[in-house]
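In: Here is my input; please provide its structure:
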Amino acid sequence: VPLSDATLAIVCNSLLKSIRGKPAACRAAEKLGVVGHIRVIFARDPHETAPSCSAEHPELQLALALILAEIVRQSAEEVAHKQRERKAGIPFLLKSTGELSSNQRGSMIKATALSGEGDWALETLMVALTGSLKWNDNAVLWAVIM
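Out: Below you'll find the predicted structure:
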């Protein structure tokens, strides 16, 4: 049974409340494919003649954008945490050998990218923003900006 946009907005707001500031809940939502589902609802297919997410329900567009933004934010926090941990470990690594091995340098470089879902969520926000400009849909534009 398809949900109305108003009902979907309520569900999305509940999801947002359950993942906001809770990394474990956010990772669980990611594993369930939330980003992919939002991408289908939120992003526009360039071959479509009408947007898939109704402009009549900006609360839905805002909730979708905020969920994606929360996933990106938590992914960025995770990267920053890993970078701090690795930076704190450098003096200990240098004490024993005097220099970093190529494996150690490589693992430090890997800590600078968003997770796959975080990157995909950011890309989805950018696709939605681009689509909103194409469709002259100010509600999506403002949802992404907020």
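In: pLDDT below threshold where in this protein?
Out: Scanning the chain for pLDDT under 70 picks out the ranges 43-55, 85-114, 135, 137-146.
In: quick one, helices of it?
Out: Assigned by DSSP state H, the chain shows helices spanning 5-19, 23-31, 34-42, 58-97, 102-109, 116-135, 138-145.
In: Quick one: the ones you listed as TSV, columns for mean neighbour count too.
Out: Bear in mind the C-beta positions are built from the backbone N, C-alpha and C, glycine included. Output for these, formatted as TSV (neighbours: other CB atoms under 10 Å):
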stretch	mean neighbour count
helix 5-19	16
helix 23-31	16
helix 34-42	19
helix 58-97	17
helix 102-109	11
helix 116-135	19
helix 138-145	19
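In: ok, V34 touching L16?
Out: No: the criterion here is CB atoms under 8 Å, and V34 misses it with L16 at 10.4 Å.
In: between the two, what contacts are shared?
Out: Residues touching both V34 and L16 by CB atoms under 8 Å, 6 or more residues apart in numbering: I67.
In: okay, now S4: neighbour count?
Out: Using other CB atoms under 10 Å, the number of residues around S4 comes to 11.
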